[in-house]
Each structure stands twice: as structure tokens, then as C-alpha cells.
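# Here is the input, now give the coordinates:
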Amino acid sequence: MNNTLDVIFLGQADARHARLVEALSHLGFGVRRCHDLADVYDRYSRRPSPLIILEAPLPDIHNAAVRLRAIDRGLGIVAIAPFGSEENRIRTLLCGADACLPPEVTGLELAAVLQALVRRAVGLDLSDPAAEPTPEEPLQESWRLANKGWTLISPAGHRLGLTTGERDFLTRLVQAPDRKVSRDAFYPDGAEDADGAITRRRFVDVMISRLRRKAAAQHMTLPIRAVHGWGYMFAADFALDLEPREGGEESRPDGLGSWRRAAGEANASTY
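Numbering: from 1, shown residues only. Down below sits the predicted model:
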């Protein structure tokens, strides 16, 4: 697990909190759940986290934000509460929070806010489609999807294990003509209203951003490019190996249906 995606999440032990935790976990965050401030401080002291979500009464959020900000000026702090007024949000920000979100926040929106804080912390937006490849991985050499698509191998030989959704996305992308796929290809025909399409689009963007960070942790710069207003492309030579994966992982659920179910679960977790 990339520790830049480690999150301490203070919240009530209820179903809504559990759904938000599940949504973040689907999107690659490692979430440590806490139900009181003492547990937050204890977990942070034993293993510091770059991201903390505080969902509690405002006085507790304010006290925790001040204390945590004093410990680590670079910490990403997200407050979730029924703020009710601009004054309450301003006070929360001044106490040290980076973002103020309402209790009905969706899992995808929460993940996007956390990603923005990660980008700030590392000083590099790895989701930027214009990011330049590293010298060790020139675009003229071939990338490979091996083990029936479950392992991505860079031209320099670095290997990256893929989730079901990542495998499906990359397989469809590299097998498409000119290695280009429109955004619409990832949604069921006629099954999306305007709001639903935006939500699914955000899910795809979150997944790609997470995949880039995973790859960066393995010294790989993915040549995935966004085609403005249309879709995505893989801007490098590519080879697809079809040999079975040792250990039987080729029996994992076939990609697109499972990926769409995961997207639906992440979206549903917000209601």
C-alpha cells in the first residue's frame, strides 16, 4: 500500500460511515477507522498518516484540527459536519482544516478531495495527462500486459499488479484501434442520465489517477493520455501476453461487469 493513500477516518460507528469507508477502500485508500479522538491521536502517534478525516461535533473537530496541524503542517485534514453557516466553515478552516464537507458528501467527492491533498503534499500532479515520461521508460519501447492481463510490465522491466477494474480498462484500451477508447465506451448504452454519467466519469478519473500513483511507486510512468472531450489513449507501443497466470488468478471475475459493479457500489455508498 502506498502510504500517501493512508487515511485515518474519525466517524460514528454507523452504516453511513461504513459505506464511506468502503467507497474509499474501493478507490485504493487504506482507511483506519476511529470512533473517538483519543483513538485518532493514538493511531497517528503509532503510525502517522498523511490524511485525516474528522467527522464529529464542531468543537471536537476544531480542537483536533488545531492539535494535529501543530504536529504536522503538511497534514491533509478534511472536516465533515453540518456546518450550518459560513462562520462555522471559516472557523473550521482557520483551526487547520483543509476542506469542509457536509454529512451527505459522496464517496467519490471525498476521494477527489483527498486526492487533491495528496497532490499538494507530493508537489506533483501524477494525474496530469501531459506528464512527461521518465528517461528510463521511453515511449518507443514496448509495454506488456502479462499473466492474462493481471500484470503490467514497463519497458524497463518494472511490474505492477492490477485490480479487476484496472485490468479491464487497460485491456480494452490497448486492444482498441490506435489504442484509443472513448469515455462512452465505459458506460452501458443508454443507461446513464446526465448526473450518472458525470459520476461514472469521475470514477474512471479516480481509478486512472490511483493507477498512476501505484505505477509511480514502482518507478513507472504510465503513457496514458486524456484525449480532451473524448476519451483516453495509450501513447506507447504495447504487447499483450495471453499465457495463464500461475496460482489460478486467471479465474478472477472478468473485468467490465465487476468494474461497473464496483463503480455502482462506490456511487451507492453515498446514499
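# Would you double-check that residue 23 falls in a helix?
Yes - judged by DSSP: H, G, I helix; E, B strand; the rest coil, residue 23 forms part of a helix.
# I'd like the distance between it and residue 76.
18 Å (Cβ to Cβ, to the nearest Å). (C-beta placed from N, C-alpha, C; glycine too.)
# Likewise for residue 10?
Relative to residue 76, and taking Cβ to Cβ, residue 10 is found at 14 Å.
# overlap in contacts of those two?
residue 52 (Cβ atoms under 8 Å, 6 or more residues apart in numbering).
# In three-state terms, how would residue 233 be classified?
strand.
# what residues are up against it?
173, 178, 179, 180, 181, 224, 225, 227.
# For it, which non-adjacent residue is spatially closest?
Nearest non-adjacent residue to residue 233, counting by Cβ to Cβ, 6 or more residues apart in numbering: residue 180, 4.3 Å away.
# Can you get me a residue count around the one you found?
16 (other Cβ atoms under 10 Å).
# which residues does it contact?
173, 227, 231, 232, 233.
# which one of these is nearest residue 17?
Residue 17 lies nearest to residue 232 out of the contacts of residue 180, by Cβ to Cβ, at 33.4 Å.
# Hmm, that closest one is touching residue 211, no?
No - in this structure residue 232 lies outside contact range of residue 211 using Cβ atoms under 8 Å: 11.3 Å.
# still on that earlier bit, so the residue nearest to residue 233 versus residue 221, what's the distance?
19 Å.
# go on, residue 18?
Counting by Cβ to Cβ, the gap from residue 18 to residue 221 is 36 Å.
# just residue 40 next, same as before
Taking Cβ to Cβ, one finds residue 40 at 35 Å from residue 221.
# Counting neighbours, go ahead and name the busier of those two.
residue 40 (24 against 20).
# so what's the backbone phi/psi at the more buried one?
phi -60, psi -50 (degrees, to the nearest 10).
# Report the contact partners of it.
So residue 40 contacts 8, 10, 34, 52, 54, 64 (Cβ under 8 Å, 6+ apart).
# quick one: the last one and residue 36 touch, right?
Same thing as residue 64. No - using Cβ under 8 Å, residue 64 is not in contact with residue 36; the gap is 10.5 Å.
# neighbour-wise, which of the two wins?
Using other Cβ under 10 Å, the more surrounded residue of residue 64 and residue 36 is residue 64, with 22 against 11.
# Residue 164 versus the more buried one, what's the distance?
37 Å.
# try residue 8
Distance from residue 8 to residue 164, by Cβ to Cβ: 27 Å.
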